[in-house]
Every structure is written in structure tokens, then in C-alpha cells.
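Visitor: quick one, structure for this:
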Amino acid sequence: MEEGAKGGSESSGLETLVLEKVGEVSSAIDAAKHVDEVICALYSLAVRIFPVDYSALCDTIDPAQRSKVHEILSPAPAESGEWRQAFYYGPAFPTLARILIYNVAKDWLACFSSSTKKQVYDSFFVQGPPTEIVQVLVPALVHGYDDAIYSNIERLLVRCLLKSEGIRHIVGEFRIQCSSSKHDYALKPEMLAVMSRVAQLLTSVPDKARLQASSALSSHLFFQQMARQLLCGAEDCNFEMLNPRDASDANTVDGSLLFIGETFSRICRRGSTDILLIKVIPRILDHIRSCLSSNAGSVAFNMIESSPKSHFWLFIMEAMKDQYAIERFSEELLRQLATQNVSDVEAYWTLWLLFHRIVKQKTNIRYIFVDKFVFWKVFPICCLRWILQFSVFECPPNFDSEARAQRTSSFLDVLHRIISIWSRREFVQSSSMEQQAYVTYAVALCIEKMSKEELETTKDILHSILQGVSCRLESPIDLVRKMASSVALVFSKVVDPKNPLYLDDDCSEIIDWEFGFKRKDVVTTDETRKDKLNGTLSKDMEKDKLDATLSKVTESASHAKRLKDTKHHAVDGGKLISECRVNHCAGMPNNEHASAEEDDGEGKNSDASSSDSLEPYDLSDGDTDMKLFSQLGDIAAALRKPDDPDGVERALDSAEKLVRATPDELPHYSGDLVRALVHVRCSDVAVEGEEDSAEGKRQKALVALLVTCPFESLDVLTRLLYSPNVDVSQRILILDVMTEAAQELSESTIIRMKHQQRNLISNISGQPWFIPSSRGPRGAGPWKEVSDPGTSISWSHRYEREIPSRAGQIKSGKSRKWGLVKAKDPELESSRNRFPLYAAAFMLPVMQGFDKKRHGVDLLNRDFVVLGKLIYMLGVCMKCSSMHPEASALAPPLLDMIRFRELSHHAEAYVRRSVLFAASCILVALHPSHVASALIEGNQEISDGLEWIRTWALHIAESDPDAECSTMAMTCLQLHAEMALQTSRALESAKSVKARTNTLPLKLDDIIIPFSNMR
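Guide: Residues are numbered from 1 along each chain as shown. Prediction:
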């Protein structure tokens, strides 16, 4: 006790002595008139604490101060050590540091030579303990000080921490300070506080450094050097001394490891986890590979588990107390391992080495692996395989057979949770495609690890699997159905390996579990994104290239309770009947048309009476033509005979050709033929494997009917659409043929005679038709009627008037005569779009009552596929009416329809895509002048609808979970901006705007151009 008290008093006395010496140095610096006096004062203190090169100073100071320096004697090494301890760990160093940083650096340091600065200035910081240096220098980095002070502090940090390996020495310093015996460590609370403070100060250096500071203090380079020094400092420790015991109590852990763990946490918190792991991963992989290369199986497991280096990494992770930092560390670890192409075994042991103990001890850490990394994040699929192998299967990949025999209850719990979430319809509706593909692979991996007996004993899991597959097979999106078929294939291999179940045309057993999605660390170009996503809108806003700006919405048709994928395609070659035939007939005068028909008749008679027709021929050559129908009534009757499949097939073969021929009886039979074609079951009459061919013939025949007899056919189809006597596949067929017919009508070409219209009866109040117009050059005389010389009766009227000569010309004038002229030949008028005439008949009937639930019809819920097809068809109709007056008339009711909340915020992404498509078509179809006229006339219906499109598309682009919906919404906003710009130009150029200002609506700024002040 007395010896301890005596030692304490001696230490206190020495600290007082050192502090007095610091006071003397401070006074000498304040009174100094020359830089040599400052150097001499600093030397008098420095020589008592650390060795100083006297010869380096003598050459830089004047003789008077040199003699004073020579008189200062260096203390003995033991005394110097005591002074050093008292100086740095007492109040003396912080006091002198403030003098050096703020006074000497500002007033005198620029006068120091480089050798002098190194000996009597930098040495106070470089030679001291790094923990104390950090606590003095980093807090001094406060913006607002003189540049000389700030740059000097940054220079000292680079020299002390980076060039002198100060961070590495801090690791060893904490280990030495915390040692209480040879093999045990005891940490006091105040020591833990110091560790936390030093770690916090170190990691804050890049944030406090100026932009013009040394690049070594930048975030990337500084944390890179910090990670390297921390790991090197840890390797300097003796791993053999680490005790593989529970490290949950901080008081029993090596202080250096606690400091490393705390610093790792703060680096992760500051967003530099990737820089840290670049240094960590190679060391871990080298250790694991060294263990795996020399041993195999359980021997390797025991070697990894018992290795002191393994204990080191275990203690590091247990020293990281911050849950968020651990999550960021593990997430970045998985992503970097995926880029390094490590094997599944190496990845498993890496995760095991770092996390196996904290996952077992801490529920929140286990939650990260079995919940967040499965349902909230999207990793590369190899990472998902490693996550499940480590946290769910809990065994190395090559130990699967042994692990199956030791299945734990936690495995079944996690498995049940994964499959139950995957099977919910809400998950399919609200999750992105990437997330669905990711969780689908997790389900498949879990099913692969189970046996047939396990599936049979867990009925709830079996039910969830079947429910999830059925739910996805009902989706109109091909990618979602592909996920269902992949899981069904894996499930069938477990139940019956010899009879795999293929639910699509692809019978390959190799499944692309990425489903076409690239990893997030791969940059996707615009072209590859267009190839990857179906149903998105491109970014081209040219209105005459809508097919390039509006991509196709992925769709499907139902058959045998399973939807078959179909896609919308523009009909490139579809023309109304035969284009050349239409042009020819339309361009003929009536008499020429009649003569052409007579010529055809004569040709037929001559063919019948020719000698060639009497020559023998083989009946088998014309057998096919004889089987074809020649009457529309016969085709309709044959289609209603399901017991005669050959007759139905021949009727389908003949239907389109006969309809395209436009016989006279077509308007009378079109309705009956439409009903027969809609109700015929191609799957019942077609040969196996040729169902698609029969369906195509039926669809082409219906399109031909709609094109040739639009009103009659539409009357039947629109009534059948909501009829309880048709199923989902027939409703989809109706909408498909209406879509194709609209496109074909919009692409058809019509050529007709353009006759000059003349009024046969003159208006009494006006000028007679036979008197020429009074318009002419200034100074022209009035028209006078003259008679033809030499005739007593004139069958025509002649008028003439005097025309004045031009200025400066002298020539005899001539009379201008007015008489009968030869009538102009009739001109040909060409039109390329027939659809606007029928647009209302296509759109308005099907828009009525779409939200009503009838017997067998529930578009808003169960039959959402039909709803999506319906909205898509309406959008195509608007596109086909682009820039026509009909578009302005039909846009308001369509806007009212898609603004219906059950449509614009439908749970199914398929419907939302269709609504976005229709909204984009409206923006393209409306002529800017029509929108401007509506605004001028105070028509709020159009402006309110267009403003709703903008706000709704903005909401979808920001918050919709479906990536394709977000992409389409962004393009919709671009189209809206283009339309708004064109409308604003139309308003500016309209001369009547100023005159009719009083008729303008109160709010003309409803059409807003994004990212612009223009309204």
C-alpha cells in the first residue's frame, strides 16, 4: 500500500514537473522574436522525451542559439522513459499540442527548415503513442481555421497514421494496455470508451478533410490503408493465445480484437464496406483453401473449426456489436464472393467462419439471413444458394446426405415460411419480377433438398406448393408462368424422378433460374433492356412511329384451364381484301367496272367452251378444291357440326378466302358466321398437334369478317363479349380479333373519284354564277357582257373588262374574256386509314358495363386477363384513330374509364400495364390543335383527364413494384411532355386566343411539362 502510494506520488510529481517545463516552453515561444528562439525552446523539451539529432539543428540556427542548445544535456534513457510516460499520458501533451497546432504552426512553422521541422516539431506527434495523437489531432480538424493550421493538421495525420503505420500500432497498443496476465485480458469500462472514441475519430478523418487535402485522406484510399493496417496489426498478435470461448462478454476479449471489430462497424456505417472486404476476403479464402486442400470431409471441418485463425475471425465478428454494420458486411461479402467465382464449398465455409456462432446466439442476426436476405433483398442466384445452405440447411454442400438424416425443426419452419409466402397471390401481385424469380429459386432449392416421404408428411407444404403453381399458371405474363412450370418440374422430380412434369413446350431439364434477369452488378444497356422486357414503352416520342414507342403487352389465351401465351403484334402485311383489287375497282368509272365484269363473264364462257377443257385430267389433282365450300351459309352450318371434324376443318380452311371475296350475301350471313366461328371448338376437331393452326384460321376468318362487314360483325361480337354463354378463352379471342381488325382497317388504302361539286341552283341574294368575280388588280374596270360577232343567238355569255397598264409601260391593252371552259377531269383521292369511321362502334359498346359483375363475368377480379386485353384493345383503337377528329371525341370516355380506381390501381401488374398503354395511346392520338381548342373553349374534360395521366404516371413511376410499369410510366410522362409542348405552341400561334380571352377557363395550366416552368 505504502509502495503504491509512494509510486503514485512520484508519478504525480513528475507530471507536475513536466507540465512546468511545458509552461516554460510556452512562455519562451510567446516571448520569441526570432525563429531560432522557438527552435531552442522546443529542443529543450524534446531532448528529454525522445532522441534528437543535435547536428541537424546546428547547421540551421545562429551561433548564439547554438551555444544554448549545446548547453542542454540529454537525460539518461530511464529518465527519458519516465518523462515520456508522464508527458504523453498526462495533461502536458494536450497542452503543448495546442501550442504547436495553433501558435507555432501559424506564426513560425513556415520558417523551419525541413530537417528542423522533422526533429523538434513533427517528432512530438510521430514519436508519441498513436491513441493519444489521434485524440489530439482529429478533433482539431474544424472548418474555419486558418489554411496554414488546417493543412498542417492534415499533413501530420498523413505522416502519423499512414506513413508511420500509426493505425497498426494502435492495434498493438490496445492489446498491451488491456493485458492483465499472460493468457487473460480484463477491460475496464473507461478503456472500452477510449476504444470507441478512437475508432470514431479515425473513421471520421475523410469526412473532416478538405477537398484540396492530400488524396491519401480521401475516403477510398484512407479506408483502404486503414483496413490493411488493422489486419496487419491483428496478424502481429499471437493467434495461438486466443481462447476459443464465448466472446459475448466484452471484458473477456482481447482489446485489440474489440478495437478492430468496433472500427469495422464504423467503416461499414460510413458506406465503405466494399473497400474493407477487398482486404478481408483474400485472407479468409487463403485460410479456407489451405484447410480444404490438405484434408477432406469431416477432417477439413475439424481443422477449420480448431484453427486459431478461425477463432480470430470469429472474435472479430463477435466484436461487431452493430446489427446494421453486420448486415451491410454480410451483404457486401456475398456480392463480392459472387464476382470472384468461388465454389459453393468455399463460400459456405466463409459464411460459417464468420457468422455461425453469432447466428446461433443472436436471433436478430439469424433473421437477417433467413428473412431479409430471402424476401427483402435480391442477390445473384449463387448467393441465394449459399445463404440457404448456411442458414437453412446448416451443412456444407457435400454433406447433404448426412444433413437430411439430421433434419431439424428449424429447417421445416423456415421451409414452411418460404413456401407459404411464395404461394400467396398477394406476393405475385405486389412483388417485382426480380424478387419473384429470386424467391422462386429459393422454393425450388428447398424442394430439391426434401424427399418424397418428407413431402407426404408435411401436407401444408404440399398444399402451398400446388397453390403457388396454380396461381402462377393463371397469370397472363409468360415469365410468371415460366416460374410455375420450373417449380412444378422440380417438384415432380422429387415425387416421381422417372416422369418429370413439363407444363410448357420446353422439355429441357436445365432451368435458367435467373429467368433472363442479369445480376445487379452488371450494367444493362438500353438495347438489352428492350430485348429483356416485353410490354414496355420505348423512349422514342415520334408520333408517326407509335409501334416503336409503344411495346407490346404480354398476353395469353386460356385453353383447358391453362392460359397459353400470346403477344400483340402489329399487322404489317394486313390489307383490306386485296389492295390491288380494291385500288383497281375503286379507280374505275361505273361503265368501265361493268365492262370489266362482262369481260370476266366472257372469259369464263370461253374457257368453258375451249378445247382444253375437254382434255382428260386426274380427279385427284382437284380433290382439294372440290372439298372447299363456296357458300357462306354452308360454312356456318358446317361449323355447327362438332360430330363432323373434317367438315369443320374444311369450313375453317374456306372461311377467310370466301369472306375476303366479299360476295353479295356477306352482310346477311356475317352475324351468323361470327357466332359460329366464336363457338366452334378447334381443339375438339383439329388433329393433335395442329390446334394452333386451326385457331389461327378461325381468328383470321373473324378478322376478315370485321374488316369487310364492320358494323354487322361488331354488333354480334360486342354482345357476345359479356354473354354468359362464352368462356374466358372466347372473350380473349373476341378482343384479339377486334384488335387485329382495327389495325388492318387503319392500314388499308382506299382510292376513290374526287368530283368537283357545283351548285346547280344559284343563290338569288348573291352574285350570279355566270358572272366572273370582281377580284382583280387595282384600277380594273367593271365586267361588261358582249355578244359574239356574226351570230344572232349566243348559247354562252361573254364578259370583258379593261385592265390598267403597269407603271412605266406604254402598250395597248387587251380585253380579258370570260367564257365556258372544258371541265376538269375527275381526280383520284387517296386515303390510308378507314378505321376512324368505325372507331365508335369498336370502342363505345365494350366500354359500357365493364365494371358490372354478371353471371360468368367478373372482369375486375377473376377475369383480369380479359380486362387487360379489353383496355389494350381500346388503346390500339385510339392509336389507329391518331390525329383524326374521332380521337378527340372518343378520348374523354376512355379517360373516364381508365381513371376508375379499380383499373388504374389494379392489384395485377398486367392490368396496370394495359392502362399505361391506353393512356400513352391517348397522348399520341390527340392532335395538339384539338387540345388547344378544348382549352380555349373552356372544356375541362380533356384538360382534367390529361392532368390525371401526368400525376398518375408520376406515381406509378415512383412507387410501382413492377419494373415494366415503371418504365412504361416514364415513357408516358415523356409523351405527355411532348404533347404539352406542342399544345402550348398551338395556343401561342392561335390568333383567336387574345380575342377570346374571356372564354378561357380559369385554369389553363393543367397540362404541365415535367422539369420545366412552361405550362
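Visitor: tell me which element the nearest residue to Glu448 once chain neighbours are set aside falls in.
Guide: For Glu448, ignoring the flanking residues on the chain, the nearest one in space by C-beta to C-beta, 6 or more residues apart in numbering is Val490 at 6.0 Å. All C-beta atoms are positioned from the backbone trio N, CA, C, and that covers glycine. Element membership for Val490 (DSSP states H and E) is helix 478-495.
Visitor: packing partners for that helix?
Guide: Helices and strands touching helix 478-495, by 3 or more C-beta pairs under 8 Å, 6 or more residues apart in numbering; DSSP states H and E, are helix 433-448, helix 452-457, helix 459-473, strand 554-559, strand 562-567.
Visitor: next, format the ones you listed as TSV and append mean neighbour count, mean pLDDT and distance to Gly868.
Guide: Formatted as TSV, the helices and strands packed on helix 478-495 follow (neighbours: other C-beta atoms under 10 Å; pLDDT from 0 to 100; distance: least, C-beta to C-beta, whole Å):
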stretch	mean neighbour count	mean pLDDT	distance to Gly868
helix 433-448	21	91	16
helix 452-457	12	80	35
helix 459-473	18	87	16
strand 554-559	22	34	7
strand 562-567	17	39	12
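Visitor: would you reformat these as CSV and include distance to Asp944?
Guide: Putting the helices and strands packed on helix 478-495 into CSV (distance: least, C-beta to C-beta, whole Å) gives the following:
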stretch, distance to Asp944
helix 433-448, 33
helix 452-457, 56
helix 459-473, 38
strand 554-559, 30
strand 562-567, 34
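Visitor: Leu702 is nearest to which of those?
Guide: Ranking these by proximity to Leu702 (C-beta to C-beta) places strand 554-559 first, at 13.5 Å.
Visitor: what's the neighbour count on Lys163?
Guide: A count of nearby residues for Lys163, using other C-beta atoms under 10 Å, gives 11.
Visitor: and if you look at the one 4 residues further on?
Guide: The number of residues packed near Ile167 is 25, by other C-beta under 10 Å.
Visitor: just to revisit the earlier point, out of the helices and strands packed on helix 478-495, nearest to Ile949?
Guide: strand 554-559 (22.5 Å).
Visitor: what sits against the closest residue to Ser888 other than its chain neighbours?
Guide: Nearest in space to Ser888, with sequence neighbours left out and distances taken as C-beta to C-beta, 6+ apart, is His930 at 4.3 Å. By C-beta atoms under 8 Å, 6 or more residues apart in numbering, the contact list for His930 reads Pro885, Ala887, Ser888.
Visitor: buried subset of those, written for PyMOL?
Guide: Only the buried members of these enter the following PyMOL selection, criterion being 16 or more other C-beta atoms under 10 Å:
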select buried, resi 887+888
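Visitor: per-domain residue ranges of the chain.
Guide: Using automatic domain parsing, the domains assigned to the chain come out as 1-164, 407-516.
Visitor: now the ones you listed in CSV, with distance to Lys372?
Guide: Below are the domains of the chain laid out as CSV (distance: least, C-beta to C-beta, whole Å):
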stretch, distance to Lys372
domain 1-164, 34
domain 407-516, 12
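Visitor: if I look at Ser55, how far off is Ile61?
Guide: 12 Å (C-beta to C-beta, to the nearest Å).
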